[in-house]
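K.L.:
Take a look and give me a structure for this.
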Amino acid sequence: MYNPLTTLLIGIAIMAISLFFFWPKTGVFAIRKKRKSFSKRVLIEDALKHLYNCEYSNINCTLNSIAGTLSIPADDAAKLTARLESMSLVTTHEKGLALTSEGRSYALRIIRVHRLWERYLADETGVDEKDWHNVAEEIEHKITPDEADELSAQIGNPVYDPHGDPIPSTDGNLPAIQGRPLNTLRPGEFASIIHVEDEPHSIYTQLVAEGIYPGMQVKMIGVTNERITFLANGEEVVLAPLFAKNITISPIKEEILIKGKFKKLSSLAIGESGVVLGISKRCRGHQRRRLMDLGVVPGTIIEAEMKSIGGDPVAYRIKGASIALRKKQADRIFMKEEQID
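P.N.:
Below is the predicted model:
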């Protein structure tokens with residue numbers, strides 16, 4: 001015969017365990033159900049984004065391309081496509097898959113959130129450039145259209161994201177693709193970079209490491225099947241053709257380029273000084289405003305004063321004050337030699 005207290009304790013324990021697993025909103029099974037439902041929605045939205053990107057780039061979208069982009073088995077891609085069709089978001093045709101008008105609107109809502117969030121990360125936070133895309137990939141599935149509109153207003157209703165991609169309007173309007181790949185530029189021609197593709201991430205990370213960004217001016221040196229060689233802000237860059245295809249340019253005339261030689265602030269030796277020409281367009285938001293508040297504006301004389309023990313940061317003399325700047329910051333400040341009268 002059980003002790004009444006033992007029976008009571010066993011009953012309480014069973015009740016607690018039941019609540020732990022079966023509580024409507026916070027129980028284990030409820031949370032798992034929410035996560036499963038969220039994962040399904042993420043797959044749907046990622047598939048719609050892929051379909052729209054194919055459509056925007058005028059290439060065919062297939063089950064294999066969906067499977068490859070979403071990293072799922074072909075059978076799962078087929079099931080996902082069937083579900084999209086049942087939701088009237090996708091139709092099939094002889095060459096592959098196509099978005100319906102409802103599917104296109106849905107895709108543009110997700111793309112709008114993604115690009116707005118990348119713009120926010122670039123202008124208002126210290127998140128590293130190579131991480132903007134991955135962070136936005138997570139956020140895009142969690143923000144409502146109304147919240148996206150509030151974010152857009154907060155950051156000044158931008159038209160382009162930091163990679164140069166146009167941001168869809170609330171009405172779903174998006175301009176046509178402009179420009180052409182960097183590797184179509186002929187030797188001796190000049191251009192301005194207007195877009196840097198952020199997928200695949202491995203290629204984008206390499207382009208970031210090379211210092212490539214929208215707004216940079218380039219001059220083509222040579223094009224072969226093995227490599228593309230060009231000057232970017234006066235420095236020689238060599239890329240594989242596969243990488244160069246992810247850079248979109250707009251040709252410009254030579255005479256609008258900056259004349260004369262310039263160098264980065266980070267190239268100054270201790271004791272050397274120079275005159276600020278400007279700050280790279282790659283430096284955005286609060287980081288740019290901070291440099292300008294410190295006196296880093298065209299015409300300011302800056303002297304390299306002292307290196308730290310590790311060599312980074314370096315102390316610079318700016319308008320009578322010693323300011324420590326990391327090499328990454330100093331790389332984005334363009335200088336010319338100080339003229340001695």
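K.L.:
Do you have the strands of the stretch 101-250 of the chain handy? List them.
P.N.:
180-181, 190-196, 217-223, 228-232, 235-239, 247-252 (DSSP state E, counting those that start in this stretch).
K.L.:
Quick one: mean pLDDT for the last one?
P.N.:
When pLDDT is averaged along strand 247-252, the result is 90.
K.L.:
just how off-centre is it within its chain?
P.N.:
Per C-alpha atoms, centre = their mean, to the nearest Å, the displacement of strand 247-252 from the mean C-alpha position of its chain is 19 Å.
K.L.:
got the contact list for stretch 262-278?
P.N.:
Around stretch 262-278, the neighbours that count as contacts under C-beta atoms under 8 Å, 6 or more residues apart in numbering are 234, 258, 296-307, 314, 316-317, 325, 327, 330-339. In short, each C-beta sits where N, CA and C put it, glycine included.
K.L.:
In helices only, show me the residues you listed.
P.N.:
When the contacts of stretch 262-278 are checked against helices (DSSP state H), the matches are 327, 330.
K.L.:
can you map out the helices along this structure?
P.N.:
Under DSSP H, the chain gives helices at 4-22, 28-56, 63-70, 74-86, 101-124, 132-139, 145-154, 201-209, 241-244, 285-293, 327-330.
K.L.:
Quick check: which of these has the most neighbours on average?
P.N.:
Among these, helix 101-124 has the highest mean neighbour count (mean count of other C-beta atoms under 10 Å), at a mean of 21.
K.L.:
which strands and helices sit next to that one?
P.N.:
helix 28-56, helix 132-139, helix 145-154, helix 285-293 (3 or more C-beta pairs under 8 Å, 6 or more residues apart in numbering; DSSP states H and E).
K.L.:
To residue 123, which of those helices lies closest?
P.N.:
helix 285-293 (3.4 Å; C-beta to C-beta).
K.L.:
mean confidence for the closest one?
P.N.:
76.
K.L.:
Can you dump the C-alpha atoms of that helix in CSV for me?
P.N.:
The C-alpha trace of helix 285-293 is given here as CSV (Å, rounded to 0.1, in the frame of the first residue of the first chain):
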residue,chain,number,x,y,z
GLY,A,285,26.6,55.2,-41.5
HIS,A,286,27.8,55.9,-38.0
GLN,A,287,31.4,54.9,-38.8
ARG,A,288,31.6,57.6,-41.5
ARG,A,289,29.9,60.2,-39.3
ARG,A,290,32.4,59.4,-36.5
LEU,A,291,35.4,60.0,-38.8
MET,A,292,33.9,63.3,-40.0
ASP,A,293,33.2,64.4,-36.4
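K.L.:
now that helix against helix 101-124, angle please.
P.N.:
Helix 285-293 runs at 30 degrees relative to helix 101-124, counting by axes from the mean of the first three to the mean of the last three C-alpha atoms, to 10 degrees.
K.L.:
Residue 119 touches residue 158, doesn't it?
P.N.:
Yes. Distance between residue 119 and residue 158: 4.9 Å, which falls inside the contact criterion (C-beta atoms under 8 Å).
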